[in-house]
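Asker: When you get a sec, could you give me coordinates for this:
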Amino acid sequence: MTTPSSPQGQQPGNKPLSSRRTEHVMERAFFATRWIAAPLYFGLTIGLLLVAFKFFQQLIGLVLKATGLDFDDVFVGVLDLIDLVLLANLLLIVMFSGYENFVSRLDIRQHEDYPSWIGHVTFGDIKIKLMASIVAMSAIHVLADFIRVDDTSTRALEWSVGIHLAFVVSGVLMAVMDRIMEGSPDAHHADPQPETAQNKEKHDA
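Answerer: Purely as a prediction, here's the structure:
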């Protein structure tokens, strides 16, 4: 049984040179589109500046009114400041980790202040940290409502607790889903590759 020869002396399965060049150019251009997201991450710095502005605005207002406030009002004011700090941390996580995961690696690893967590936060970790931050901020609002329980209606308090529980359940389900996906066979599909290469070396020897 004879195998039909490829046209123009090409080996079967090989693409023409012009087709490979076109594919290479298109793939590089397609890969370069990731830089479209870079300005979006940089634009989050404006949100970070707004959070910092509101933080110092509330801090100055709290300090100026401190002499006329009771403990509960000061407690609620401090909780609002913590809420803004958590929001700032959330912005930093999304900015740095999102940029490094989806755009490009940061070439500042030799900097003495380089945070060690940036290179270890995956897309799944970003989702979990995002949900954990939302749950923490929601808990702060529920605590503030309980402190001001005399000024908060029962219906508003029930909604606050219900929404917080919804965030907690959503966070737990998201963590369980990520754990299931990490344990799926597709997640470990590349594990047998080193063993195959090792067996190949033994066979060549």
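
Asker: Which element, helix or strand, includes the residue nearest the centre of the chain?
Answerer: Central residue of the chain (Cα atoms, centre = their mean): Ile126, 2.6 Å from the mean position. For Ile126, the enclosing helix or strand under DSSP states H and E is helix 123-147.

Asker: So for Ala139, what's the nearest residue that isn't a sequence neighbour?
Answerer: Excluding the flanking residues, the one nearest Ala139 by Cβ to Cβ, 6 or more residues apart in numbering is His164, at 6.3 Å. C-beta here means a position set from N, CA and C on the backbone, and glycine is covered the same way.

Asker: let me redo that: Arg34
Answerer: Arg34's closest residue in space is Val103 (Cβ to Cβ, 6+ apart), at 5.3 Å.

Asker: residues near that neighbour, how many?
Answerer: Val103 has 15 neighbours, counted by other Cβ atoms under 10 Å.

Asker: residues in contact with it?
Answerer: By Cβ atoms under 8 Å, 6 or more residues apart in numbering, Val103 lies in contact with 34-35, 37-38, 41.

Asker: Compare those and tell me which has the most neighbours.
Answerer: Tyr41 (17 neighbours).

Asker: Next one: that one from Phe30, what distance?
Answerer: Noted for Tyr41: a distance of 20 Å to Phe30, by Cβ to Cβ, to the nearest Å.

Asker: what about stretch 67-87, average pLDDT?
Answerer: Average pLDDT, stretch 67-87: 87.

Asker: got the contact list for that stretch?
Answerer: 51, 54-55, 58-59, 62, 66, 133, 136-137, 140-141, 143-144, 147-148.

Asker: Now do the helices in the chain.
Answerer: With DSSP state H, the ranges of helices along the chain come out as 17-32, 38-64, 71-102, 123-147, 154-182, 192-204.

Asker: can you put these in a markdown table and add distance to Tyr114?
Answerer: Output for the helices of the chain, formatted as a markdown table (distance: least, Cβ to Cβ, whole Å):
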| stretch | distance to Tyr114 |
| --- | --- |
| helix 17-32 | 26 |
| helix 38-64 | 17 |
| helix 71-102 | 10 |
| helix 123-147 | 18 |
| helix 154-182 | 26 |
| helix 192-204 | 30 |
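
Asker: out of these, which comes closest to His111?
Answerer: Taking Cβ to Cβ, helix 71-102 is the member of the helices of the chain nearest to His111, at 12.6 Å.
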